[in-house]
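1. here are the coordinates; sequence isn't available:
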């Protein structure tokens with residue numbers, strides 16, 4: 001008598017069984033293995049509930065490795081993974097227009113909002129089975145050379161802490177803030193190109209600075225030289 005694998009529903013043909021039909025069962029097993037390993041299934045949702053079943057000895061939607069959710073659900077759709085003792089790993093892409101909530105038993109559920117993707121697994125613990133979101137744990141995995149949100153980017157609202165995390169010191173790596181310089185730049189309109197030889201920066205008295213004559217002609221310069229020696 002044939003039995004079936006717990007998690008995938010692959011038929012285990014007993015010795016001497018299925019004379020004349022062994023090839024058909026084996027081909028079905030290959031189809032199931034294909035779904036379990038690399039299969040991408042379009043799952044059409046409607047209403048607010050859907051059952052994702054892994055069947056024994058036949059190809060079924062619950063055996064797909066990648067689930068692409070579509071259809072027109074009327075609201076948040078609860079997808080029940082069946083049976084509740086099957087351990088399954090899914091890559092989920094939700095294009096259904098609604099949130100999809102995966103459940104297997106009375107344990108924890110995982111919700112995938114519309115337009116998002118997730119890697120989830122069902123633990124197959126029977127009536128108390130839970131679904132776990134592996135994607136949510138990725139942020140804690142250290143990646144050499146990367147800026148981790150928990151250590152570097154979560155405190156960007158605090159300038160001092162952010163500079164410290166990035167290894168920047170005021171006056172050493174970056175210039176210190178100068179309020180007078182800021183006020184000067186804000187109050188005046190500065191030229192955008194260099195002037196001619198001998199010119200100086202002059203103001204029009206209304207906030208515009210440009211290159212031009214400082215107002216001291218040759219005659220005045222000679223007179224001043226005579227007066228002041």
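-> Good, I have the coordinates. Nothing here was measured: the structure is a model prediction, and the numbers come from that model. Numbering: from 1, shown residues only.

2. Run the chain-centre distance for the longest helix belonging to the chain.
-> Ranked by residue count, the top helix of the chain under DSSP state H comes out as helix 22-38. The chain centroid and the centroid of helix 22-38 are separated by 35 Å, computed with C-alpha atoms, centre = their mean, to the nearest Å.

3. just stretch 22-40 next, same as before
-> On the basis of C-alpha atoms, centre = their mean, stretch 22-40 is displaced by 34 Å from the centre of the chain it belongs to.

4. which residues are contacting it?
-> Applying C-beta atoms under 8 Å, 6 or more residues apart in numbering, the external contacts of stretch 22-40 come out as 2, 8-11, 13, 18, 41, 57-59, 63-66, 68. Just so you know, the C-beta spots here come from the backbone N, C-alpha and C atoms, and that holds for glycine as well.

5. quick one: low-confidence parts of this structure?
-> Scanning the chain for pLDDT under 70 picks out 138-157, 171, 214-229.

6. Which residue ranges of it form helices?
-> Using DSSP H, helices in the chain cover 22-38, 159-165, 179-187, 218-228.

7. buried set for the longest strand that the chain contains?
-> Secondary structure of the chain per DSSP state E: the longest strand is strand 66-82. Residues of strand 66-82 classed as buried under the neighbour-count rule (16 or more other C-beta atoms under 10 Å) are 67, 68, 69, 71, 73, 77, 78, 79, 80, 81, 82.

8. What is the nearest of those residues to residue 50?
-> Checking the buried residues of strand 66-82 against residue 50 by C-beta to C-beta gives residue 79 as the nearest, at 4.8 Å.

9. For that closest one, give me its contacts.
-> Taking C-beta under 8 Å, 6+ apart as the definition, contacts of residue 79 comprise 43, 45, 49, 50, 51, 52, 100, 101, 102, 103.

10. got it, and residue 54?
-> Residue 54 sits next to 7, 8, 9, 60, 62, 63, 81, 82, 83, 86, 88 when contact means C-beta under 8 Å, 6+ apart.

11. likewise residue 55?
-> Counting by C-beta under 8 Å, 6+ apart, residue 55 makes contact with 9, 62, 63.

12. re earlier: with respect to burial, which of the helices of the chain scores highest?
-> Per residue and on average, the most neighbours among these fall to helix 22-38, with a mean of 15 (mean count of other C-beta atoms under 10 Å).
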